[in-house]
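S.K.: Quick one, fold the following:
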Amino acid sequence: MNAILDWLNNIGQSYYNAFITEQRYMFYLQGLGNTLLISLLAILIGAFLGVLVAILRFSTVNKKGLGWVSKLCNLYITIIRGTPVLLQLLIIYNLIFTARNTNEILVAGICFGINSGAYVAEIVRAGIESIDKGQYEAGRSLGLNSSQTMFMIIMPQAIKNILPALGNEFIVLIKETSVASMIAITDLTKAASYIGSRTWDLLPPLFIAAVFYLIIVLGLTKLLNLFERRMAQGDRN
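M.R.: Numbering: from 1, shown residues only. I've put the predicted structure just below:
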């Protein structure tokens, strides 16, 4: 019994040292803030870029003289989906942002946004193609042009169909930001590694960081489920 109590006490002390001692929780909070900031920037860029690429790809594929636009979109999607995000991060950081005063958080947000945009583009494309072609004809019969039909009739229906897939993509994106520490960003994972190097016990900080990530993911999942239910109620009404 004493051995078990001693073991539990040692574990408790390890987590106390990893979180409370020397106000180390501030490192986690700093890392959490950077992680959320990178994720928010990447989600905004990825959503905008993905929708834009999907629409351009869908609208120009059979248009005479504009086929190159669709091919360019396909090339972007192929390259981004075919290479690791860590490699993309290092290339963008070392090739494009070479100034000494480079904002690493901005670099990471742009990189993860570009990466996410390729996956969002495929999700949105699938959503657009899931809409019955009669919807296009209905829009044109109402006097709408192609762009108006796309944004006023097709896209609202497509977004409803792909919302779960988009939510999953953004959740995956948040977890992928854990590699941002490769360009000297103190994100949540980097903060845990730093604290582990100070306490000489790496597991407790990593478990604490994992709990933070889990809370973020569970919160987003709950929010997405709530949003889906609201949209479903709107459809029934």
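S.K.: For stretch 127-143, list every residue counted as buried.
M.R.: By neighbour count with 16 or more other Cβ atoms under 10 Å, stretch 127-143 contains the buried residues 127-128, 131, 136, 139. Where C-beta positions appear, they are placed from N, C-alpha and C, glycine not excepted.
S.K.: Oh, that last question was meant for stretch 156-173, not what I typed.
M.R.: Applying 16+ other Cβ under 10 Å to stretch 156-173 flags 158, 161-163, 165-167, 169-171, 173 as buried.
S.K.: now stretch 212-224
M.R.: In stretch 212-224, counting by 16+ other Cβ under 10 Å, buried: 212-213, 216, 220, 224.
S.K.: Contacts for that stretch, please.
M.R.: The contact list for stretch 212-224, computed with Cβ atoms under 8 Å, 6 or more residues apart in numbering, reads 28, 32, 35-36, 163-164, 167, 170-171, 174-175, 178, 188.
S.K.: returning to what we had before: which one among the buried residues of stretch 212-224 gets closest to residue 183?
M.R.: Checking those against residue 183 with Cβ to Cβ, the nearest one is residue 213 at 19.4 Å.
S.K.: For the top helix by length along the chain, which residues meet the burial criterion?
M.R.: Looking across the chain with DSSP state H, the single longest helix is helix 25-60. By neighbour count with 16+ other Cβ under 10 Å, helix 25-60 contains the buried residues 25, 27-28, 31-32, 34-35, 37-39, 41-43, 45-47, 49-51, 53-60.
S.K.: In the protein, where is pLDDT below threshold?
M.R.: 1-2, 6, 8, 97-100, 232-237 (pLDDT under 70).
S.K.: at 80 what do you get?
M.R.: 1-10, 12, 15-16, 22, 59-67, 95-102, 132-148, 150-152, 184, 227-237 (pLDDT under 80).
S.K.: got a list of what residue 184 touches?
M.R.: Here residue 184 is in contact with residue 104 (Cβ under 8 Å, 6+ apart).
S.K.: Hmm, residue 43 and residue 117 touching each other?
M.R.: No: using Cβ atoms under 8 Å, residue 117 is not in contact with residue 43, being 10.3 Å away.
S.K.: any idea which element the most centrally placed residue in the chain lies in?
M.R.: Against the mean C-alpha coordinate of the chain, by Cα atoms, centre = their mean, the closest residue is residue 173 at 2.7 Å. Using DSSP states H and E, residue 173 maps to helix 155-176.
S.K.: Who are the packing partners of that helix?
M.R.: helix 25-60, helix 104-129, helix 203-236 (3 or more Cβ pairs under 8 Å, 6 or more residues apart in numbering; DSSP states H and E).
S.K.: Let's see that with 10 Å instead.
M.R.: Contact here means 3 or more Cβ pairs under 10 Å, 6 or more residues apart in numbering; DSSP states H and E; on that basis helix 155-176 packs against helix 25-60, helix 85-91, helix 104-129, helix 203-236.
S.K.: For the next helix or strand along the chain from it, what is the distance to the chain centroid?
M.R.: Using DSSP H and E, the next helix or strand after helix 155-176 towards the C-terminus is helix 188-199. Mean-position distance between helix 188-199 and its chain equals 23 Å (Cα atoms, centre = their mean, to the nearest Å).
S.K.: In helix 188-199, which residues are buried?
M.R.: Of the residues in helix 188-199, those buried (16+ other Cβ under 10 Å) are 188-196, 199.
S.K.: Please apply the same query to stretch 68-75.
M.R.: Judged by neighbour count (16+ other Cβ under 10 Å), stretch 68-75 contains these buried residues: 69-70, 73.
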